[in-house]
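S.K.: Next come a sequence and a model predicted from it.
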Amino acid sequence: MITRICGIGAAIQGKHQRNVALTFDDGPDPYYTPRLLDMLKEHGVKATFFVLGSRAELYPELIKRMHMEGHQIGIHNYSHKSNWIMTPFCVRRQHIERSAAIVEQITGERPAFYRPPWGLLNLGDLFLLRKSYQVVLWSVMGRDWKLQADVTRWKRYIAEQVQPGSIILLHDCGSTLGADEGAPGQMLTGLPYLLEDIRAKGLRCVRADEMLAKNNCSYSQLSTSINTRTKLLSGIERGAKTSWKYEEAANSASAYPVKTIR
């Protein structure tokens, strides 16, 4: 509700009148990602890849290629696991920081953008990560994780949703829970037509960090008062920090068990 409905703490759509951001989740994939990179290079398009740390470990050459060809690399957890079934401490240490370190070791640059699997955040994630990472969701969901019976209708659906400032969610891997393995192939079939439509609208595809640069982004699609947001953020952040300190203390205590005094 806080991120998707109220638009607080996460970028949903940019304000820039001439740009859209293509983003790809769940990769890299040894079959689909190279073909996607070839296509983006052919069309002169830069995109943002929210990668899984476990797959970055398996295919470091693809991470290096993304970086060398000018694409942005963000984090999508170490494995495709929902934040709702993990504590904020686990999400940060075992998924985000771990994955960021893997990418940094490969590229020499530490990612600063994060998208949680399925767009689901713990309350603690939202406020304890925002000083280190920009949380990015989306305004156009590609619905490309399932094989489509009518690819033409799918292409038309996405094209109709795109507008200036759109953050478009697509996938370059079909091996995650709930996805069809061959679905990224259909996405690649339809992507050139989507790129043509974007150009026909006078729009340009850019990296998410370029579109969401200072003075070019909106973290809400609603006209909520800034003062109201600030008060809400401050109140929830105080509660989140208290929970965070308690959790870290508990983790430290469990690491050093003490003999019970009788």
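M.R.: In hand now; what should we look at?

S.K.: need the strands for the stretch 101-250 of the chain, in chain order.
M.R.: With DSSP state E, counting those that start in this stretch as the criterion, the stretch 101-250 of the chain has strands at 113-114, 134-135, 140-141, 167-171, 204-206, 217-218.

S.K.: what residues does the first one touch?
M.R.: Contact partners of strand 113-114, identified using CB atoms under 8 Å, 6 or more residues apart in numbering, comprise 48, 50, 72, 74-76, 96, 129, 133-136, 208-209. Any C-beta I mention is one placed from the backbone N, CA and C, and that applies to glycine too.

S.K.: again, but for stretch 199-213
M.R.: By CB under 8 Å, 6+ apart, stretch 199-213 touches 11, 14, 16, 18-23, 45-48, 71-72, 74, 112-113, 134, 136, 162, 164-165, 167, 195, 198, 217.

S.K.: swap in stretch 94-102?
M.R.: Residues from elsewhere that reach stretch 94-102, judged by CB under 8 Å, 6+ apart: 51-53, 56-57, 75-79, 81, 86, 110-111, 114, 129, 133.

S.K.: For L188, which of the strands of the stretch 101-250 of the chain is the nearest?
M.R.: For L188, the closest of the strands of the stretch 101-250 of the chain is strand 167-171, at 9.6 Å, according to CB to CB.

S.K.: hang on, G27 packs against L52?
M.R.: Yes - using CB atoms under 8 Å, G27 makes contact with L52 at a distance of 7.4 Å.

S.K.: what residue is smack in the middle of the chain?
M.R.: Centroid check for the chain by CA atoms, centre = their mean gives R115 as the closest residue, at 2.7 Å.

S.K.: Give me the number of neighbouring residues for G190.
M.R.: 20 (other CB atoms under 10 Å).

S.K.: For the nearest residue to it once chain neighbours are set aside, the count of nearby residues, please.
M.R.: Nearest non-adjacent residue to G190, counting by CB to CB, 6 or more residues apart in numbering: K155, 4.3 Å away. Number of residues near K155 (other CB under 10 Å) recorded here: 20.

S.K.: Then D150?
M.R.: Applying other CB under 10 Å, we find 9 residues neighbouring D150.

S.K.: How about the secondary structure of L22?
M.R.: State at L22, reduced to three classes by DSSP: H, G, I helix; E, B strand; the rest coil: strand.

S.K.: how much space between the residue lying closest to it once chain neighbours are set aside and L123?
M.R.: Distances taken as CB to CB, 6+ apart put A47 closest to L22, at 4.2 Å, once the chain neighbours are dropped. For A47, the distance to L123 (CB to CB, to the nearest Å) stands at 30 Å.
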